[in-house]
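Trainee: Attaching a predicted model along with its sequence, questions to come.
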Amino acid sequence: FGVIVTFATNSYMQQGIENSTNRVRDASNDTCKFLQTTSGQIDHILVTNYKQLSIQLENIMRETSSFIIKELEQKSMAVSLIYLTDFLEKLPQLKIKLQKMKSITNDLRVYASQLSDGLRGVKRELLVMLTKCNNKACQDVLNKYEIGKLDANGIHYDQMVDRYFPKLPDVTDIIDNLDSLISKDIASAGKRGRDMLNQMRAHLNTTIAKYTPKVIDSINKAGNAFKKASDSIKMEINKVSQVIKDNTHKYTGVADGYLNEYGPYRFHFGIAVCSILLTILVFVVAALLCGICGKRPDGYGDDCCNKGSGSRFLMLAVTFIFLFISAIALITLVHFLIGLIAYRGVCLPLKDPQNDNIFAHFDNAINLNNVLYPQQNKGKPTSGGLPALRISHVITACQRNQTIYEVLHIHNRIDIHEIKDYPAQYKINQTLDDLVDGISFDDSDIQILSPEDKQRILSLADSALKNFDSAQYIDNLNDTITKHSLTEIAQELLQTAKKIDKSEDMKDVQVSLRNQALHLETYEQNWVIPMKNKSVELIRLANDLDYSLRYKDRPFHESIPLLVNEIERAQLFFRVDGRQFVKDTAINLTQYFASEIENYLRMVVQAVEKKIGLCAPLANVYDAGVVSLCSAIVDPLNGFWAGAALCIVLFLPTLVVAVKLASLYQKSDPYPGPLVESEYLYDAYSERDHIPLANGPKNKRRKNKDRRRGREYYEEPVPSSAHGIPPTVGVRDTRYNDMAPKHWDGGPPRYQNPPMAPPASEYERPPPYYYPGATEQD
């Protein structure tokens, strides 16, 4: 685990170090882009938006007179004069429409007469031929289409025809009456009142035009002040951006030089430490594998991975530990000190700048006012007299998503609330007050409608126009000219002609039916369709005339007196309340004008202080910088020394265990083959004094050992003969058997001479003692 930790943390630390300068550049670019965007937003709201406001205010000034006159007309009911004047001016157009309606009515009468004559002839011919025809199809046509009533229709256009048919009205009298009214110039009765209103409008335009340049000039001066304020705020922000950009370029360049020169050495040095730890780990693991899975060495064809190899691996591990433990411990101690100082002195203060003592000492030593603002601020106290701008405040304010105006204390140099004094400072309000005072007109002799004109207009209500009734056209006109479609009847006649027998008697019937079908199709195209179109046009003209002759949904003879009454009320309003109403309207307009400016100023102050340049993106940049420093460099550094320290701590028990296991793994198994391979065995001590075998506790260990070895080197005891002499037949060859007796009476066993002594040149050695154990007698 310690080796894996050192390898991983060394790699992560190298990646963090290599990417550190790029992350600093990215953070710098993001910060500068944020500040640049904030500058653009401030310029937009202080310059661009004010230009839009000034254009709107100029339009209001130019439309002031029209607005006042329109309000006056609505309040005084003078709109009735406008309606009456428009109606009188449209009398010639009404005359044209009536003449067109008369022409269409005459055309319809002509078409109706021709259609009636034609259908009468067709009806007569068809009645004769269909009656003559003896085919059932002829009788079906005759009954189905009511041929006897073919010339009858729902509309009669001839006034001289039967009185039971409805009649269309004659508009000749109305046209003549309109000619009389137009010739008397009745339209001039309304023009005089409208001219009076136009004169009032011209007077207001003259008065307003006198003050409009002054108002616009004041607006432009305020606009220049807004632009100056915008440039000042942008300059402060751009200065911060330039400082960040210059320092980033300067110090990251230096850091890149050092990292490119010394970074690979640090990385390879860490790899070397990790490799040493990995080598020791490999030796220990290999030793344990050989020691656990391998067999004891016996000196005869040992394997490469036996316990002896494990012992050698352990000694290699011990050697490496003794060689490098001091160096690794020193390296670990250096990394520990650097990591502890970096974490406590850098990471913790950056993560919690408000509550950290180290950061507080550093923070109190730096006042950003001395860096961001000049010493003199237009007569204001020097930056040293301003509230200190601390780094901790900038960090905390950005984390709270405050605006850049609040974060950098720009109000110490430019107070955005000063723009609220611009209307008074540049005399915008004073100019508007002068405009209101300058509006005046003489309302003592205002006369919209003279008594003569009044009588002429009232006489219009008794003219022939009151007799016009559009309902007579709408009710008497429709698109059903004939009861049955002439085209349909013609097609049916052609089909019936085909069904009639081709006999000599019926031949004339067939020819007649085909001719009458042709006549009906011709009537449909030449008379019926044009009559339908002209009926639709006549109804449209009637509706237009009816709409023009009505006022407030009242008939014409009631509309004219109503209009005259409203005009007289308007004339009275102008004489009594006109002047004050115009002044009050002007005051309301100038108040609206001033309120637009005040709303804009309030919006600017609120936007600069609370909306523009919200600092959360910079807080994200700061957090990313802390992560890139602490999580990518300091934390892997601490992980490196922690992994190495774990390995060093484990080295101490590893040394003890390794030495013990190495000595244990070096022990070999005894020789597994036979002890004696000579063909003859003899007692080398046969002529010497017999030495009794001693029994006692001190021989128990050897006895047990001999007992274990006896199973490997000797044959198990077998029953002896009655004389105590072992039999000659056994499991193994007799030359490997012990020659000493297995049981004896009273005395110690004695060695027997072999049947044949070996030659003197052979190596002679005594056979091993054999003691079967204590008997009941002992």
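Mentor: Cool, got the structure.
Trainee: Going by C-alpha atoms from here, please, whenever you check contacts or count neighbours.
Mentor: Fine.
Trainee: Which other helices and strands does the helix or strand where residue 648 lies contact?
Mentor: Using DSSP states H and E, the element containing residue 648 is helix 635-666. Contacts defined by 3 or more CA pairs under 8 Å, 6 or more residues apart in numbering; DSSP states H and E place helix 635-666 against helix 2-43, helix 307-342.
Trainee: quick one: it to chain centroid distance?
Mentor: Here the centre of mass of C-alpha atoms in helix 635-666, compared against the chain's by CA atoms, centre = their mean, to the nearest Å, lies 54 Å away.
Trainee: Low-confidence ranges, the stretch 601-750 of the chain, go.
Mentor: 668-750 (pLDDT under 70).
Trainee: Swap in 50 and give it another go.
Mentor: 676-736, 740-747 (pLDDT under 50).
Trainee: for the chain, same thing?
Mentor: 154-166, 376-383, 676-736, 740-747, 751, 754-758, 760-763, 776-778.
Trainee: mind listing what's buried in stretch 101-118?
Mentor: For stretch 101-118, the neighbour count (16 or more other CA atoms under 10 Å) marks 101, 102, 104, 105, 107, 108, 109, 110, 111, 112, 115, 116 as buried.
Trainee: Among these, which one sits closest to residue 480?
Mentor: residue 112 (12.7 Å; CA to CA).
Trainee: Pull the number of nearby residues for the closest residue to residue 486 other than its chain neighbours.
Mentor: Distances taken as CA to CA, 6 or more residues apart in numbering place residue 520 nearest to residue 486, at 5.5 Å, with adjacent residues excluded. Using other CA atoms under 10 Å, the number of residues around residue 520 comes to 21.
Trainee: which residue packs closest to the residue most central in space within the chain, ignoring adjacent ones?
Mentor: Nearest residue to the geometric centre of the chain (CA atoms, centre = their mean): residue 617, 16.1 Å. With CA to CA, 6+ apart as the criterion, residue 617 has its nearest non-adjacent residue at 7.6 Å, and that residue is residue 34.
Trainee: show me what contacts the one you found?
Mentor: Residue 34 sits next to 613, 617, 618 when contact means CA atoms under 8 Å, 6 or more residues apart in numbering.
Trainee: And residue 68, by the same measure?
Mentor: Counted by CA under 8 Å, 6+ apart, residue 68 has contacts 582, 585, 586.
Trainee: Can you give me every residue that contacts residue 191?
Mentor: So, once contact is read as CA under 8 Å, 6+ apart, residue 191 ends up touching residue 85.
Trainee: ok, back up a step: nearest to residue 248, of the helices and strands packed on helix 635-666?
Mentor: helix 2-43 (6.6 Å).
Trainee: chain center to the closest one: distance?
Mentor: Worked out by CA atoms, centre = their mean, helix 2-43 lies 25 Å from the chain centre.
Trainee: Can you name the next helix or strand after it?
Mentor: Past helix 2-43, the next helix or strand by DSSP H and E is helix 49-62.
Trainee: That next one: which residues count as buried?
Mentor: In helix 49-62, counting by 16+ other CA under 10 Å, buried: 50, 51, 53, 54, 57, 58, 60, 61.
Trainee: what are the ranges of the helices in the stretch 51-200 of the chain?
Mentor: 64-76, 79-89, 91-132, 136-144, 172-183, 188-293 (DSSP state H, counting those that start in this stretch).
Trainee: got a markdown table for those, with distance to residue 430 too?
Mentor: A markdown table is the format used below for those (distance: least, CA to CA, whole Å):
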| stretch | distance to residue 430 |
| --- | --- |
| helix 64-76 | 17 |
| helix 79-89 | 34 |
| helix 91-132 | 50 |
| helix 136-144 | 90 |
| helix 172-183 | 52 |
| helix 188-293 | 9 |
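Trainee: Show me the one of those that comes nearest residue 548.
Mentor: Here helix 79-89 is closest among the helices of the stretch 51-200 of the chain (CA to CA), at 7.5 Å.
Trainee: about what we covered before: let me have the buried residues of stretch 101-118 in a markdown table, extended by distance to residue 200.
Mentor: Listed next are the buried residues of stretch 101-118 as a markdown table, based on distance: CA to CA, whole Å:
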| residue | distance to residue 200 |
| --- | --- |
| 101 | 41 |
| 102 | 43 |
| 104 | 46 |
| 105 | 47 |
| 107 | 51 |
| 108 | 52 |
| 109 | 54 |
| 110 | 55 |
| 111 | 56 |
| 112 | 57 |
| 115 | 62 |
| 116 | 63 |
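Trainee: and which of the residues you listed is nearest to residue 576?
Mentor: For the buried residues of stretch 101-118, the nearest to residue 576 is residue 101 (46.9 Å; CA to CA).
Trainee: I figured the closest one hits residue 541, correct?
Mentor: Yes. Residue 101 lies in contact with residue 541 (CA atoms under 8 Å); the separation is 7.0 Å.
Trainee: which outside residues touch the host helix or strand of residue 493?
Mentor: Element membership for residue 493 (DSSP H and E) is helix 486-499. Contacts of helix 486-499 with the rest of the structure, by CA under 8 Å, 6+ apart, involve 135, 137-138, 141, 145, 509-511, 513-514, 516-518, 520-521, 523-524.
Trainee: List the buried residues in that helix.
Mentor: So helix 486-499, judged by 16+ other CA under 10 Å, has buried residues 486, 487, 489, 490, 492, 493, 494, 496, 497.
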